[in-house]
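Enquirer: my questions are about this predicted structure, shown below with the sequence.
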Amino acid sequence: MAYSETVATAIEFIKVSKTFGGHERSNRVLNEVSWAVPKGKTTVIAGGSGQGKSVTLKLILGLLKPDSGQILVHGQDVVKMGQTQLRQLRTKFGVLFQGAALFDSMNVFENIALPLRERTKLNDEEIRAKVMATLATLELAGHEEKFPAQLSGGMKKRVGLARALQLEPEIVLFDEPTTGLDPLMTLEIYRLFQRMQKQLGYTAVIVSHDIPKVFELADRIVLINKGEADVFTDAGQIIHSDKPHIREFAEKTIGGATAFRSI
Amino acid sequence: MITGWARPFFFLGDQCLVLLADLGSMGIFLLSTLTGLFRPPFRGRELLRQMRFIGAGSLAVIFFTALTSGMVLGLQGHHTLNKFSAEGMLGSAVALTLVMELGPILTALMVAGRAGSAICAEIGIMRISEQIDALECMAIDPFRYLISPKLLAAILTVPLLTAIFDVVGIYGGYLAGVKLMGANSGAYFNSMMVSVTNHEIRLGIIKSFVFALLIVWISAGRGYFVHRIRGAGFGAESVSKVTTQAVVLSSIAVLIFDYLLTAVLL
């Protein structure tokens, strides 16, 4: 199913290919895929393990280069950018990593304050006020002196999100945000994502294998499977796809149509 | 699939390509770290923290190594020079050996073992736990933020540690040669002052600058590229392997550059 452009796009992949390994062991993860992320909405990138979900995130950030194709972020081609331009571009992004990637030698406050200290001219008092406000919003007040090793999985994700949102990014990328969390905590994190997006209006891109629960958040679903990317507006479209490999994926990951009745 | 007679050539070519790519990455790493020294915002507090760790933290081990090597030099020097009735040259022999050779090289080896391994493990863990990716995603240059303060701290403190090593070593030699073996105290210091000139001191200081650069470059570089080093494995195992590799490589590099610098500057 082709995704037709009707709203402003934040990110656009145009015929992007990416292959790993050389000679005998080459593995084409993306084969001329084209899809777009609408501005201000939530796009979920789903797919099985090793299908190229995390590669897609790294391509968006310019941490990897594709073999061919264009990747546009707000109309600018990431592929053609040098290191300085990429660094400039990355100021538009907030990223929540799979393991939260908190700096383990810094406490919660210092972790969240880091982007403000390094990327803004705010003084210590302004930084403290801003960080404490974020901590309160994300229900982390009172934990600012703790170190990452002293936090639970869910709290680490919230601190990671707090840090990612400090510079008021236009686009927030979430890499497997609920890995290692129990179902209740997963639900809580999803609610938090929805609340924060509503409040701040950023474009969200969520890479996840938490299927079908993560589809509840999605305005768009990009399914990456066997080198192809297919775009859907909701989960129901996936199981009724006319492509056999998509139906097969739906059967394997979510048990087919029955799993979607509640969605 | 490559089989038969071509296989050894394929293997050799493959190894050469890996080595060249590794050298290229390390070259770019060094350049990025050096340019990071001049890019604001500067991290003064972090620089002081690193100076305390690399410099002040190494004082005890440097003091102990210097004292024992100076005392051994004093004893052996006295024993050897006595055969030629030249124990008056003891101060000169001890001081020249320490200032030009043992001071810079033993200080560098101690710093490589103590601080180099810690730098490599710290950066390696930050790499495998995506902390370095997180810095890049926040548009914070990881070279300027993480590596450059360590490099500058080492460049500032290793020559100072070397100077301390030299002084303590000379007094160690005095203790063993003069106090224990009975060599003449005045001759010890006089011969030293005559033979140790600015040239010898300059050679020792230049060596210690270069060794400091080599240690941080190799140690931090191995940690930074831990995910890309072939055969290092994954996770904690990869960090432990590259840390060992960093200490071995930086020690070998220090020894090789010691010879090269002596050959060029002597």
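Expert: Good, I have the coordinates. Numbers count the residues shown, from 1 in each chain, chains lettered A, B, ... in the order given.
Enquirer: tally of neighbours for residue 118?
Expert: Went with chain A since none was named. When counting by other Cβ atoms under 10 Å in any protein chain shown, one arrives at 17 neighbours for residue A:118. Yep, even glycine has a C-beta here, placed from its N, CA and C like the rest.
Enquirer: other chain: chain B
Expert: Neighbour tally, residue B:118, other Cβ under 10 Å: 17.
Enquirer: and the contacts of stretch B:222-229?
Expert: B:22, B:25-26, B:29, B:119-128, B:132, B:142, B:147, B:232, B:238-239, B:242-243, B:245-246, B:249 (Cβ atoms under 8 Å, 6 or more residues apart in numbering or on different chains).
Enquirer: an error on my part: the question was meant for stretch B:63-78.
Expert: Contacts with stretch B:63-78, where a contact means Cβ under 8 Å, 6+ apart, come from B:87, B:90, B:93-94, B:97-98, B:102-103, B:106-107, B:110, B:164-178, B:180-181, B:183.
Enquirer: if we can go back for a sec, now a PyMOL select for only the buried ones of the contacts of stretch B:222-229.
Expert: Entered in PyMOL, the line below selects the buried ones among those, by 16 or more other Cβ atoms under 10 Å in any protein chain shown:
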select buried, chain B and resi 22+26+29+119+120+121+122+123+124+125+126+127+128+132+142+147+232+238+239+242+243+245+246+249
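Enquirer: of the contacts of stretch B:222-229, which belong to strands?
Expert: Cross-referencing those against strands under DSSP state E gives no overlap.
Enquirer: tell me which parts of chain A are close to chain B?
Expert: A:24, A:61, A:63, A:87-88, A:90-91, A:93-95, A:97-99, A:101-104, A:114-115, A:118-119, A:163, A:167 (Cβ under 8 Å from any Cβ of the partner chain).
Enquirer: now, of these, which are buried?
Expert: By 16+ other Cβ under 10 Å, those give A:61, A:87, A:90, A:93-95, A:97-99, A:101-103, A:114-115, A:118, A:163, A:167 as buried.
Enquirer: can you tell me which of the residues you listed are in helices?
Expert: Counted as lying in helices by DSSP state H, out of those, are A:61, A:87, A:90, A:114, A:115, A:118, A:163.
Enquirer: what does chain B have sitting close to chain A?
Expert: So far as Cβ under 8 Å from any Cβ goes, chain B lies against chain A at B:1, B:41, B:125-126, B:129-131, B:133-134, B:136-141, B:145.
Enquirer: in helices, which of these appear?
Expert: B:125, B:126, B:131, B:133, B:134, B:136, B:137.
Enquirer: where does the residue most central in space within chain B land in three-state SS?
Expert: The centroid of chain B falls nearest to residue B:108 when counting by Cα atoms, centre = their mean (3.3 Å). Put simply, residue B:108 is helix when judged by DSSP: H, G, I helix; E, B strand; the rest coil.
Enquirer: pLDDT score assigned to the residue nearest to it when sequence neighbours are not counted?
Expert: Leaving aside its chain neighbours, residue B:108 sits nearest to residue B:211 (3.6 Å; criterion: Cβ to Cβ, 6 or more residues apart in numbering or on different chains). We have a pLDDT of 97 for residue B:211.
Enquirer: mind listing what residue B:211 touches?
Expert: B:104, B:105, B:107, B:108, B:111, B:158, B:254, B:257, B:258.
Enquirer: gap between it and chain A?
Expert: According to Cβ to the nearest Cβ, to the nearest Å, residue B:211 and chain A sit 27 Å apart.
Enquirer: helices of the stretch 51-200 of chain A, start to end?
Expert: Taking DSSP state H, counting those that start in this stretch as the criterion, the stretch 51-200 of chain A carries its helices at A:53-61, A:83-90, A:108-119, A:124-137, A:153-165, A:183-200.
Enquirer: ramachandran angles for the closest residue to residue B:130 other than its chain neighbours?
Expert: Nearest residue to residue B:130, sequence neighbours excluded (Cβ to Cβ, 6+ apart): residue A:101, at 3.9 Å. With angles defined as degrees, to the nearest 10, residue A:101 sits at phi 50, psi 40.
Enquirer: want to throw the ones in helices among the buried ones among the residues of chain A next to chain B into a markdown table with pLDDT and distance to residue A:139?
Expert: Formatted as a markdown table, those follow (pLDDT from 0 to 100; distance: Cβ to Cβ, whole Å):
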| residue | pLDDT | distance to residue A:139 |
| --- | --- | --- |
| A:61 | 90 | 28 |
| A:87 | 84 | 32 |
| A:90 | 87 | 28 |
| A:114 | 93 | 21 |
| A:115 | 91 | 21 |
| A:118 | 88 | 26 |
| A:163 | 92 | 15 |
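Enquirer: possible to save those residues as a markdown table with distance to residue B:226?
Expert: Shown next, in a markdown table, are these (distance: Cβ to Cβ, whole Å):
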| residue | distance to residue B:226 |
| --- | --- |
| A:61 | 20 |
| A:87 | 23 |
| A:90 | 22 |
| A:114 | 22 |
| A:115 | 25 |
| A:118 | 24 |
| A:163 | 23 |
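Enquirer: and of these, the nearest to residue A:45?
Expert: residue A:61 (13.5 Å; Cβ to Cβ).
Enquirer: next up, the contacts around that closest one.
Expert: Listed by Cβ under 8 Å, 6+ apart, the contact set of residue A:61 reads A:78, A:86, A:90, A:93, A:95, A:173, B:136, B:137.
Enquirer: relative to residue B:193, how far out is it?
Expert: Taking Cβ to Cβ, to the nearest Å as the measure, residue A:61 falls 62 Å from residue B:193.
Enquirer: so where is the chain shaky, pLDDT-wise?
Expert: Since no chain was named, I'll use chain A. For chain A, applying pLDDT under 70 flags the ranges A:1-7, A:21-26, A:254-263.
Enquirer: um, chain B though
Expert: Looking at chain B by pLDDT under 70, you get B:1-2, B:232.
Enquirer: could you pull out the helices for it?
Expert: Going by DSSP H, chain B shows helices at B:6-36, B:44-54, B:59-83, B:90-97, B:103-111, B:117-128, B:131-137, B:142, B:148-174, B:185-195, B:198-224, B:235-265.
Enquirer: for the last one, packing partners?
Expert: By that I understand helix B:235-265. On a contact count with 3 or more Cβ pairs under 8 Å, 6 or more residues apart in numbering or on different chains; DSSP states H and E, helix B:235-265 meets helix B:103-111, helix B:117-128, helix B:198-224.
Enquirer: what angle separates the second one from helix B:198-224?
Expert: This means helix B:117-128. Counting by axes from the mean of the first three to the mean of the last three Cα atoms, to 10 degrees, helix B:117-128 lies at 30 degrees to helix B:198-224.
Enquirer: what angle sits between helix B:117-128 and helix B:103-111?
Expert: Going by the same axes, to 10 degrees, helix B:117-128 makes 40 degrees with helix B:103-111.
Enquirer: got the contact list for helix B:117-128?
Expert: For helix B:117-128, contacts defined as Cβ under 8 Å, 6+ apart pick out A:103-104, B:53, B:131-132, B:146-147, B:150, B:216, B:219-220, B:222-227, B:234-235, B:238-239, B:242-243, B:246-247.
Enquirer: now do the first one
Expert: Contact with helix B:103-111 is made by B:54, B:58, B:61-62, B:65-66, B:69, B:154, B:158, B:161-163, B:165-166, B:169, B:204, B:207-208, B:211-212, B:214-215, B:251, B:254-255, B:258, as judged by Cβ under 8 Å, 6+ apart.
Enquirer: that one to helix B:59-83, inter-axis angle?
Expert: Orientation of helix B:103-111 against helix B:59-83 (the same axes, to 10 degrees) gives an angle of 140 degrees.
Enquirer: same check on the second one?
Expert: Taking the same axes, to 10 degrees, helix B:117-128 and helix B:59-83 form an angle of 140 degrees between their directions.
Enquirer: could you check the angle helix B:117-128 makes with helix B:235-265?
Expert: Going by the same axes, to 10 degrees, helix B:117-128 makes 130 degrees with helix B:235-265.
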